[in-house]
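Student: pasted the sequence and its predicted model underneath.
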Amino acid sequence: MNGLMKREQKTADYSNRKGRKSAFSSPLALGLLAAVPGAKDPVDAILWHAGALVIESGITEPPYAPASYAPLRNVKEIVHRDMEIDGRLIPNAGGFIIELRKDRSHERKNFTLAHELAHTFFYESVPSIKYRSLTSLHPHHDADEETLCNIAAAEMLMPSPVFSKIAKDYSATPRSLQELSRLFETSLTATIVHLLRLGIWNTTFILWKLKGEKIGASWLAQPRSGLVHSPMLEILNPQVSSVYHTFKTGDATTNTEWLCLNRGYKFCPIHSIRLNNKMVLSVITQQSVSQCPPPAKSGSTLPALPMEYDCACDGTGWRLFSKDSRTYAARCRASHHKTH
């Protein structure tokens with residue numbers, strides 16, 4: 001897993017923790033929290049810093065160029081150079097220098113630059129710990145700090161009030177996602193993770209890759225589940241799939257597909273576009289379909305399994321059905337039950 005994928009995964013992991021007790025416990029995270037009066041947790045503290053920086057910059061509409069924030073954080077120089085890592089922040093006399101890997105895409109460098117700028121918040125809030133780590137004989141890596149910098153970077157590039165207002169004007173389609181990414185000059189994955197964290201679209205995103213004639217899921221991003229790389233996900237009938245058609249022709253498609261996720265079957269409305277010859281992006285909208293038996297692999301039209309179940313228990317929690325002249329009881333699978 002490369003550096004960008006690790007960063008996106010950490011940010012997605014925060015999405016999964018939203019609403020739960022804070023899992024941040026490092027001295028840097030707790031020090032940042034203590035430095036922001038009224039902050040509920042380290043995430044609240046880092047979002048306060050990011051939001052204050054956006055306001056200070058005076059930028060009110062996208063794109064939110066992170067280079068515009070640099071002078072406000074005492075960054076003296078931004079250098080693009082050959083390097084193995086995506087970027088780094090170097091404390092210098094009277095300020096900082098940020099180095100970026102020059103062969104990365106514009107969107108990726110934007111996120112990296114914003115991420116490195118977020119590290120300056122820790123030098124300001126917890127200077128004793130940050131500067132002490134520079135003189136340590138052992139390289140210092142704080143997972144909490146990295147995750148918080150990812151969250152701050154997304155907020156600096158896509159400030160929540162503006163981003164939410166704009167995103168809600170778009171329908172949940174791959175084209176809309178591309179348009180949002182172009183507008184804010186962010187990567188598709190960074191935009192998806194931010195959409196999930198803010199709960200704006202109730203959709204699932206899948207990046208498919210083509211190896212030979214076989215379609216595989218590179219990652220899956222879902223509400224309340226975050227972003228998962230190499231999920232156990234497959235298309236039951238790939239050769240007659242609209243996703244396969246999009247790979248082969250480049251046509252944007254809208255269809256319903258049988259998907260098998262973690263050995264469970266779902267019949268999903270799916271919208272797909274081709275990003276390049278090897279990658280297709282799909283968006284699955286959430287809707288109810290009728291209940292039916294599990295499918296068998298074939299090229300024929302298959303009946304639909306429900307993504308959500310209708311109540312069949314009249315509020316009792318149990319449904320009754322007859323088979324072989326006997327009556328059986330089974331748990332009702334509906335998430336909400338009728339009441340009378």
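Tutor: Received, thanks. Numbers count the residues shown, from 1 in each chain.

Student: OK, contacts around Ala217?
Tutor: Ile206, Leu207, Trp208, Lys209, Ser230, Pro231, Leu233, Glu234 (CB atoms under 8 Å, 6 or more residues apart in numbering). C-beta coordinates here come from the backbone N, C-alpha and C atoms, glycine included.

Student: show the end-to-end separation of stretch 317-330, please.
Tutor: Its first and final residues considered, stretch 317-330 spans 9 Å by CA to CA, to the nearest Å.

Student: quick check: mean pLDDT of that stretch?
Tutor: For stretch 317-330, mean pLDDT rounds to 70.

Student: rewinding a little: out of the contacts of Ala217, which is nearest to Ser187?
Tutor: Leu207 (11.4 Å; CB to CB).

Student: so what's that closest one up against?
Tutor: Counting by CB under 8 Å, 6+ apart, Leu207 has contacts Leu188, Thr189, Ala217, Ser218, Trp219, Met279, Val280, Leu281, Ser282.

Student: so which of those is the most crowded?
Tutor: Val280 (27 neighbours; other CB atoms under 10 Å).

Student: helix, strand, or coil at it?
Tutor: Per DSSP: H, G, I helix; E, B strand; the rest coil, the local secondary structure of Val280 is strand.

Student: thinking again about what came up before, farthest-apart pair in the contacts of Ala217, please.
Tutor: Longest span within the contacts of Ala217, CB to CB: Leu207 and Glu234, 14.2 Å.

Student: report the buried members of the contacts of Ala217.
Tutor: By neighbour count, with 16 or more other CB atoms under 10 Å, these hold Ile206, Leu207, Trp208, Pro231, Leu233 as buried.

Student: mind listing the helices for this structure?
Tutor: Remark: helices assigned in the chain by DSSP state H are 3-17, 27-34, 42-57, 106-125, 127-134, 143-157, 160-167, 174-184, 188-198, 242-249.

Student: which residue is nearest the middle of the chain?
Tutor: Val193 (2.0 Å; CA atoms, centre = their mean).

Student: my read: that one touches Gln222, true?
Tutor: No: here Val193 does not reach Gln222: they are 11.4 Å apart, not a contact under CB atoms under 8 Å.

Student: and for these two, which residues touch both?
Tutor: Between them, Val193 and Gln222 share no contacting residue, judged by CB under 8 Å, 6+ apart.

Student: report the longest strand in this structure, please.
Tutor: For the chain, the strand that runs over the most residues, judged by DSSP state E, is strand 264-276.

Student: what residues sit buried inside that one?
Tutor: Tyr265, Lys266, Phe267, Cys268, Ile270, His271, Ser272, Ile273, Arg274.

Student: which of those residues sit farthest apart?
Tutor: Of all pairs in these, the most separated under CB to CB is Tyr265 and Arg274 at 25.6 Å.

Student: contacting residues for Ile78?
Tutor: Ala67, Ala70, Ile97, Ile98, Glu99, Leu100, Leu113.

Student: neighbours of the fourth one, how many?
Tutor: Ile98 is surrounded by 25 other residues when neighbours are defined as other CB under 10 Å.

Student: OK, contacts around it?
Tutor: Ile98 touches Ala70, Val75, Glu77, Ile78, Val79, Gly87, Arg88, Leu89, Ile90, Leu113, Glu116, Leu117, counting by CB under 8 Å, 6+ apart.

Student: just list whatever residues bridge to it.
Tutor: Judged by DSSP bridges, the bridge partners of Ile98 are Ile78, Leu89.
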